[in-house]
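Participant: I would like to see how this sequence folds:
(one chain, ligands or ions: 1)
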Amino acid sequence: MRRKLVVGNWKMHGSRAANAELLAALAAARPFAADVAVCVPCVFIGETAAQLAGSDIAWGAQDVSAHAQGAYTGEVSAAMLAEYGCRYAIVGHSERRQYHAESDALVAAKAQAALARAITPIVCVGETLAERDGGRTETVVTRQLGAVIAALGARAAQMVVAYEPVWAIGTGRTATPDQAQAVHAVLRAQLQAAGADAAGVRLLYGGSVKADNAVELFAMPDIDGGLIGGASLKAAEFTVICNAAR
Ligand code: PGA
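Facilitator: Okay, here's the model as predicted:
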């Protein structure tokens, strides 16, 4: 039985004052039946760690460098994130793939770098609307996940995968539970075929998950929780979503 996981992806939102308020509200809403985490902008990780220390809410980053250390201006290494207690790092979010030209190979290298420091990579995959309309959803997501499986080998079982159809992110247009489940089943089968202990890999759905659609999405057999963007910035709504996962 996979324990459900709900992760807030704050993206480039927040301020020290707003974060303190949001995290206090989340901490007060505990305990949750599922695992809960927030992936915050790097500059806020230290304060987030201090505020959540001792609670069962985990924290993480939204990206990680593929390099261990060195002359990589602007990059943050997995060792640095580990020093601040990060349990998760999102890698390959579609916004990174799109705006920062991240390739499948780079995403795989980032997943490797995270795992090398015992940080669980949350590997994002997902098709654009044009790819879905062109009947290429399965081809695209299996190519994206395949690169990571190839790089991680047996350690692929230690990652979390997030299926995030690009057309559903921040658009208010969510995939139906059946659409999401269909892709999750494909990803689960791919993990199984690769020999990873696929039964234990948590597959999250992301893309306009809200308080009013979380229950039906999380009820699908291969959806093990969610990666939540906009709705994770509102304490009351994020709490409802966290409580929908059980
Ligand atoms: P959204 O974002 O919930 O705002 O659609 C999800 C994500 O990009 O992780």
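Participant: so Ala24 touches Ser55, yeah?
Facilitator: No: the criterion here is C-beta atoms under 8 Å, and Ala24 misses it with Ser55 at 10.6 Å. For the C-beta atoms, the positions are set from N, CA and C on the backbone; glycine is no exception.
Participant: so what's Thr171 scoring on pLDDT?
Facilitator: Reading off the per-residue confidence, Thr171 sits at a pLDDT of 89.
Participant: report the contact partners of the nearest residue in space to it that is not next to it in sequence.
Facilitator: Excluding the flanking residues, the one nearest Thr171 by C-beta to C-beta, 6 or more residues apart in numbering is Ser208, at 6.1 Å. Neighbouring residues of Ser208 by C-beta atoms under 8 Å, 6 or more residues apart in numbering: 168-174, 230.
Participant: go through those residues and name the one nearest Ala17.
Facilitator: Checking these against Ala17 with C-beta to C-beta, the nearest one is Gly230 at 19.5 Å.
Participant: where's the residue lying closest to the closest one once chain neighbours are set aside, which helix or strand?
Facilitator: Excluding its sequence neighbours, the residue lying closest to Gly230 (C-beta to C-beta, 6+ apart) is Gly170, at 6.2 Å. Per DSSP states H and E: Gly170 is located in neither a helix nor a strand.
Participant: what do you get for Ala68?
Facilitator: Short version: Ala68 belongs to no helix or strand, going by DSSP H and E.
Participant: just the pLDDT at it, thanks.
Facilitator: Looking at Ala68, the pLDDT reads 97.
Participant: would you mind measuring from the residue nearest to it when sequence neighbours are not counted to Ala151?
Facilitator: Among residues not flanking Ala68 along the chain, Ser77 sits closest, at 6.1 Å (C-beta to C-beta, 6+ apart). Relative to Ala151, Ser77 is positioned 18 Å away (C-beta to C-beta, to the nearest Å).
Participant: before we move on, what about Tyr72?
Facilitator: 19 Å.
Participant: more neighbours: which of the two?
Facilitator: The residue with the greater number of neighbours, taking Tyr72 and Ala151 and applying other C-beta atoms under 10 Å, is Ala151; the counts read 18 against 12.
Participant: wait, that one sits on Ala108?
Facilitator: Yes: contact criterion C-beta under 8 Å: Ala151 and Ala108 qualify, at 3.7 Å.
Participant: for the residue most central in space within the chain, give me its contacts.
Facilitator: The geometric centre of the chain, computed from its C-alpha atoms, lies nearest to Ile122 (C-alpha atoms, centre = their mean), at 4.3 Å. When contacts are counted by C-beta under 8 Å, 6+ apart, Ile122 touches 7, 39, 60, 88-91, 159-162, 204, 227.
Participant: make it 6 Å
Facilitator: With contact set as C-beta atoms under 6 Å, 6 or more residues apart in numbering, Ile122 has these partners: 88, 90, 160, 162.
Participant: I'd assumed Gly226 was in contact with the last one.
Facilitator: It stands for Ala162. No: Ala162 is beyond contact range of Gly226, at 8.3 Å (criterion: C-beta atoms under 6 Å).
Participant: can you pull the residues that touch both of those two?
Facilitator: Counting by C-beta under 6 Å, 6+ apart, the common neighbours of Ala162 and Gly226 are Leu204.
Participant: the residue nearest to Ala68 - how many residues pack around it?
Facilitator: As a burial measure, the neighbour count of Ser77 was computed by other C-beta under 10 Å and equals 19.
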